[in-house]
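> quick one, structure for this:
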Amino acid sequence: MNMKKVILSRILMTIAVSLTLVSCGRSGGGSNTDSATGWDINSKDGGFQYNTKFKEQETPPGTVFVEGGTFTMGRVQDDVMHDWNNTPNQQHIQSFYMDETEVTNQNYLMYIDWIKEIYPPEDENFRKIYDGVVPDTLVWRNRLGYNEVMTNNYLRHPGYGQYPVVGVSWIQAVEYANWRSDRVQEMALQREGYLKQDSHLEATADANFNTDTYINTPTQTFGGNEDIIRGGKLKPQLDKEGNEINVFASRQTGVISPKYRLPTEAEWEYAALGLSELRSYNVYRGRKKYPWDGQYTRSGKRKVRGDQLANFKQGKGDYGGIAGWSDDGADITAQVKSYEPNDYGLYDMAGNVAEWVADVYRPIVDDEFNDFNYYRGNVYTKNVLNEDGTVKIVTTDEIVYDTLPNGKVIARDLPGEIATQPVDENETYLRTNFDRSDNRNFRDGDKQSSRLYDEGFDDEVESEETATTTRKMYNSPNHSIEYDSTGTMIREWDKSNKRTSLINDEVRVYKGGSWRDREYWLDPAQRRYFPQNMATDYIGFRCAMSRVGSKSKNKNKTKN
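This is a model prediction of the structure:
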């Protein structure tokens, strides 16, 4: 009996120790106790507040999940243009979300309507805000073609409601993404009770929702109207002294999501290839030519054999086949989702309209410097602070307008947003990862990348020894816009015959073929560029959003 008691005692002790170890191991995951200090998290007495029950990011409205990975970026097919400006290189992309279709006319019209409602163009102070977001419908005109039906109807007629919006510049696409971020975040905060239900219906020019403002100084959101900010279904918690806590959402709550933005060129190309299910050697090494399987643009399936798989120009004077039987079902753009999606569930990643991406164009992709989330175009900024240390919120009396090189006028910041400025030495001093605010021409087009840079870096500096002229690598035309004393705009064209390129820091990459393009441009690796302030009838866009947390949505999936 004594031996049995000893054995039972040891078993009970082992169980007790095991339970203790399990308890300690769980304290950091879903527990309200800090595993490093033992202090309470989310105490009603105040202190550190954190969402310990967060599982994973919700799929944002209108998007599909794209699981990241490695792929061969660049063109591996025949280079009939003989420019070879996207040589194959291995890149790794983090997981992200991407719109399943291009932004449609209906989507963009909601944006225009919101701008018109909040900043009425009848008000002289707001007229330029409205003018700055409206697409350029004149892009449809052709000197020797009759396209007035599209000029007058394509944007607003419901017959084109689900067609991709065009006539939108890169700058306008970025502003739409910012606006969309605020509207989606505003809905999320209403749903979670941090904002009054239907608070967006009470927005005005002086009192509207901006995500950055809410994060940095939530009491100034909606112009500081506490009935809206604290009027939701969420009942504020009180600490021992009766002070309200947990009134505002922060990043720690998990309610604040990343912003919508334009996809990077690497993300767009990776998503267009649709590599989610195909893992053959040729696909991994970049031998996939289109967003669909195979090497041809026509379907091989028995039911739809011979049908075109994208909307593009078939040949000279052939945009959609003969009457009564169409190769691709469209002569201009086609309604979104007219063709089968790729393996990620993305529609029209080839044809229909080409699409803006975030990157500044350069003939090379500098994979020697970076092969992870590659992107050229970083311009780092910081918030402007008032004298008392608070962030500066733009008011209706402080709107600053910028005049673009083509004469268009846009608002730099809208009322309710935080004013920003370039980062300075306070952020860059002795850093090794970045040393300037504007990195668009880093390692390409800067001083070290210019011919004869040791003799100067002006546009034209003549050398006494060589009798040659020092030129910037990218000395594109520099058109100027000025105003005279009466406020009349004066446009000055750069007529210099010594310019060597159209490439500069304001030209952006666009990807994918369009309804105007031949089959050659359907290859996701193809890349072209266009000024960021101009628009066409064949370039649209779609938005993306970064994923936070795990790479995969199914963390416990079986690995092959």
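> what residue ranges in the stretch 451-560 of the chain score low on pLDDT?
Where the stretch 451-560 of the chain drops to pLDDT under 70, the residues are 451-473, 554-560.
> could you pull out the helices for it?
For the stretch 451-560 of the chain, applying DSSP state H, counting those that start in this stretch gives no helices.
> again with the stretch 301-450 of the chain
425-428.
> number of residues surrounding residue 338?
19 (other Cβ atoms under 10 Å). Where you see a C-beta, it was placed from the backbone N, CA and C, and this is true even at glycine.
> burial measure for residue 183, as a count.
By the criterion of other Cβ under 10 Å, residue 183 has 17 neighbours.
> next one: the one 10 residues further on
For residue 193, the tally of surrounding residues (other Cβ under 10 Å) stands at 16.
> for it, give me phi and psi.
In terms of degrees, to the nearest 10, the main-chain angles of residue 193 are phi 90, psi 10.
> select the longest strand from this protein.
For the chain, the strand with the greatest residue count under DSSP state E is strand 354-360.
> which strands and helices lie in contact with it?
helix 265-273, strand 507-511, strand 539-540 (3 or more Cβ pairs under 8 Å, 6 or more residues apart in numbering; DSSP states H and E).
> so which of these is the most packed in?
Among the helices and strands packed on strand 354-360, ranked by average contacts under mean count of other Cβ atoms under 10 Å, first place goes to strand 539-540 (a mean of 30).
> if we can go back for a sec, okay, angle between the longest strand of the chain and strand 507-511 too, please.
Following axes from the mean of the first three to the mean of the last three Cα atoms, to 10 degrees, one obtains 140 degrees for the angle between strand 354-360 and strand 507-511.
> not counting sequence-adjacent ones, nearest residue to residue 87?
residue 74 (5.3 Å; Cβ to Cβ, 6 or more residues apart in numbering).
> where do the strands sit along the stretch 151-300 of the chain?
Remark: strands assigned in the stretch 151-300 of the chain by DSSP state E, counting those that start in this stretch are 237-238, 244-245, 260-261.
> show me what the first one is in contact with.
Residues from elsewhere that reach strand 237-238 (Cβ atoms under 8 Å, 6 or more residues apart in numbering): 44, 244, 245, 246.
> again, only this time at 6 Å
Contact with strand 237-238 is made by 44, 245, 246, as judged by Cβ atoms under 6 Å, 6 or more residues apart in numbering.
> host element of the first one?
For residue 44, there is no helix or strand it lies in under DSSP states H and E.
> before we move on, back to that, okay, the contacts of strand 237-238 in a markdown table with neighbour count, distance to residue 65 and pLDDT next?
Formatted as a markdown table, the contacts of strand 237-238 follow (neighbours: other Cβ atoms under 10 Å; distance: Cβ to Cβ, whole Å; pLDDT from 0 to 100):
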| residue | neighbour count | distance to residue 65 | pLDDT |
| --- | --- | --- | --- |
| 44 | 12 | 36 | 73 |
| 245 | 16 | 34 | 73 |
| 246 | 18 | 30 | 73 |
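> ok, back up a step: of all the strands of the stretch 151-300 of the chain, which one comes closest to residue 111?
strand 260-261 (11.8 Å; Cβ to Cβ).
> from the contact counts, what lies against that closest one?
In terms of contacts (3 or more Cβ pairs under 6 Å, 6 or more residues apart in numbering; DSSP states H and E), strand 260-261 is packed against helix 170-191.
> mind giving me the packing neighbours of the helix it packs on?
Counting by 3+ Cβ pairs under 6 Å, 6+ apart, helix 170-191 packs on helix 211-216, strand 260-261.
> quick one: closest of those to residue 527.
Nearest to residue 527, of all these, is strand 260-261, at 18.8 Å by Cβ to Cβ.
> Provide the strand pairings for the closest one, with the direction of each partner.
Strand pairing for strand 260-261, using DSSP bridges, gives strand 544-546 (antiparallel).
> contact partners of the strand it pairs with?
Contacts of strand 544-546 (Cβ under 6 Å, 6+ apart): 60, 96, 97, 98, 258, 260, 261, 263.
> go again using 8 Å as the cut-off
Contacts for strand 544-546 (Cβ under 8 Å, 6+ apart): 60, 63, 94, 96-99, 257-264, 267.
> return the closest of these with respect to residue 481.
Distances from residue 481 to those, taken by Cβ to Cβ, are shortest for residue 262, at 25.4 Å.
> residues touching the residue nearest to residue 87, list them.
With contacts defined as Cβ under 8 Å, 6+ apart, residue 74 is in contact with 86, 87, 88, 89, 286, 365, 525.
> any low-confidence regions in the protein?
1-30, 76-78, 231-236, 276-287, 292-294, 296, 298-306, 324-326, 445-473, 554-560.
> out of the helices and strands packed on helix 170-191, deepest packed?
Highest mean neighbour count among those (mean count of other Cβ under 10 Å): strand 260-261, with a mean of 23.
> returning to that earlier point: could you dump the strands of the stretch 151-300 of the chain into CSV and include distance to residue 160?
Putting the strands of the stretch 151-300 of the chain into CSV (distance: least, Cβ to Cβ, whole Å) gives the following:
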stretch, distance to residue 160
strand 237-238, 50
strand 244-245, 49
strand 260-261, 23
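> so which of those strands is nearest residue 230?
strand 244-245 (8.0 Å).
> parallel or antiparallel, list what pairs with the closest one.
The strands beside strand 244-245 in its sheet (DSSP bridges) come out as strand 237-238 (antiparallel).
> what separates the strand it pairs with from the chain centre, distance-wise?
38 Å (Cα atoms, centre = their mean, to the nearest Å).
> try stretch 94-103
On Cα atoms, centre = their mean, the centre of stretch 94-103 falls 9 Å from that of its chain.
> give the buried residues for it.
Under the neighbour-count criterion of 16 or more other Cβ atoms under 10 Å, stretch 94-103 has 95, 96, 97, 98, 99, 100, 101, 102, 103 buried.
> nearest to residue 314 among those residues?
Distance to residue 314 across the buried residues of stretch 94-103 (Cβ to Cβ) is lowest for residue 102, with 21.2 Å.
> now the closest one: closest residue in space, sequence neighbours ignored.
Of all residues not flanking residue 102 in the chain, residue 164 sits nearest, at 3.8 Å (Cβ to Cβ, 6+ apart).
> what about the one you found, how many residues nearby?
Residue 164: 28 surrounding residues under other Cβ under 10 Å.
> list the residues that contact it.
Applying Cβ under 8 Å, 6+ apart, we find residue 164 in contact with 101, 102, 103, 104, 105, 333, 336, 348, 352, 353, 540.
> measure the first one to residue 41 for me?
It stands for residue 101. 41 Å (Cβ to Cβ, to the nearest Å).
> ok, the third one next?
Residue 103 sits 40 Å away from residue 41, taking Cβ to Cβ as the criterion.
> just residue 185 next, same as before
Counting by Cβ to Cβ, the gap from residue 185 to residue 41 is 24 Å.
> quick one, which of the two is more surrounded?
A direct count of neighbours by other Cβ under 10 Å for residue 185 and residue 41 places residue 185 higher, at 23 against 18.
> I'd assumed residue 257 was in contact with that one.
Yes. If you go by Cβ atoms under 8 Å, residue 185 and residue 257 touch, sitting 6.7 Å apart.
> follow-up on the earlier one: in CSV: the buried residues of stretch 94-103, plus secondary structure and distance to residue 139.
Formatted as CSV, the buried residues of stretch 94-103 follow (DSSP: H, G, I helix; E, B strand; the rest coil; distance: Cβ to Cβ, whole Å):
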residue, secondary structure, distance to residue 139
95, coil, 35
96, strand, 30
97, strand, 29
98, strand, 25
99, strand, 22
100, coil, 25
101, coil, 20
102, coil, 16
103, coil, 16
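> any idea which of those residues is closest to residue 415?
Distance to residue 415, by Cβ to Cβ, is smallest for residue 103 among the buried residues of stretch 94-103, at 24.4 Å.
> what's the neighbour count on the nearest residue in space to residue 533 that is not next to it in sequence?
Nearest non-adjacent residue to residue 533, counting by Cβ to Cβ, 6+ apart: residue 404, 4.2 Å away. Number of residues near residue 404 (other Cβ under 10 Å) recorded here: 18.
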